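J.: Everything below, folded, please.
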Amino acid sequence: MELKNRIDLKHKEDKKEDEVREMILNGENEKLEIKSTLRFDLRGGNINKKLEYVVAKTISAFLNSDGGILIIGVDDEGNILGLEKDMKTLPKQNIDGFELHLRQVIKKYLGDNFEKYLKISFSKIDDKEVCVIKISKSGSPVFITFEGNEGFFIRNGNASIPKNRKEQSEYEKLHWN
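T.: So this is what the prediction gives:
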């Protein structure tokens, strides 16, 4: 029985890995965004807090639209980079530490009302961990605060697009009422 459970679990993990790999191969679109890292700047070789903001902005755009999936640990060409470089910048250098930090980033930029719309999981592809965030549509508008400025973003194709107050108001009427 134990062996059967282990085989079933392995099969489930393989299936999830295949699903994630397929999403990556299909590339970014209205429902999928891919980021290389959460905070480690691959060009600069250091921590770049602006990258955290970009991740939070993408999450806010999905929350304000019809939801979607954000995968962290994959570059724009679909190469699996993993989360190792990000994890090395954290006090707790493992998956748990990564998830804790990711949740803090989300709370910092979006507030703490959005946990129920996010499902964070991890998938091992080519022996590298990637983070998969499934984001549902929020029940109300989500604003992101960065350097004292409040922003409102939606998904449009494979991009997170800012809306000004007037556009945001019109969008809200169509989207939530």
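J.: What's the first helix or strand after the strand or helix carrying Ser60?
T.: For Ser60, the element it lies in under DSSP states H and E is helix 49-64. Heading C-terminal from helix 49-64, the first helix or strand you meet, by DSSP H and E, is strand 68-72.
J.: which other residues reach that following strand?
T.: Contact with strand 68-72 is made by 20, 23-24, 30-38, 55, 58-59, 62, 83, 86, 102, 130-135, 155, as judged by C-beta atoms under 8 Å, 6 or more residues apart in numbering. All C-beta spots, glycine's among them, are computed from the backbone N, C-alpha and C.
J.: List buried residues within these.
T.: Buried members of the contacts of strand 68-72, scored by 16 or more other C-beta atoms under 10 Å, are 20, 23-24, 31-38, 55, 58-59, 62, 83, 86, 102, 130-133, 135, 155.
J.: Just the C-alpha atoms of stretch 34-50, please, in PDB.
T.: The C-alpha trace of stretch 34-50 is given here as PDB (Å, rounded to 0.1, in the frame of the first residue of the first chain):
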ATOM      1  CA  ILE A  34       7.100  34.500 -16.300                       C
ATOM      2  CA  LYS A  35       9.800  36.200 -14.100                       C
ATOM      3  CA  SER A  36      13.500  35.200 -13.800                       C
ATOM      4  CA  THR A  37      13.700  36.100 -10.200                       C
ATOM      5  CA  LEU A  38      11.900  37.600  -7.200                       C
ATOM      6  CA  ARG A  39      14.700  40.000  -6.100                       C
ATOM      7  CA  PHE A  40      18.100  38.900  -7.400                       C
ATOM      8  CA  ASP A  41      19.300  41.100 -10.300                       C
ATOM      9  CA  LEU A  42      20.900  38.700 -12.800                       C
ATOM     10  CA  ARG A  43      22.600  41.600 -14.600                       C
ATOM     11  CA  GLY A  44      23.800  43.400 -11.500                       C
ATOM     12  CA  GLY A  45      24.500  40.300  -9.500                       C
ATOM     13  CA  ASN A  46      22.800  41.800  -6.400                       C
ATOM     14  CA  ILE A  47      19.500  42.300  -4.700                       C
ATOM     15  CA  ASN A  48      17.200  44.700  -6.600                       C
ATOM     16  CA  LYS A  49      14.100  45.700  -4.600                       C
ATOM     17  CA  LYS A  50      12.500  47.000  -7.800                       C
END
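J.: Start the count at 42 instead of 1 going forward.
T.: Taking 42 as the first residue, the last one we looked at is stretch 75-91.
J.: How about it, which residues are buried there?
T.: Neighbour-count burial for stretch 75-91 [16+ other C-beta under 10 Å]: Ile75, Lys76, Ser77, Thr78, Leu79, Arg80, Phe81, Ile88, Asn89.
J.: what does stretch 205-218 give?
T.: Within stretch 205-218, the residues scored as buried using 16+ other C-beta under 10 Å are Gln209, Tyr212, His216.
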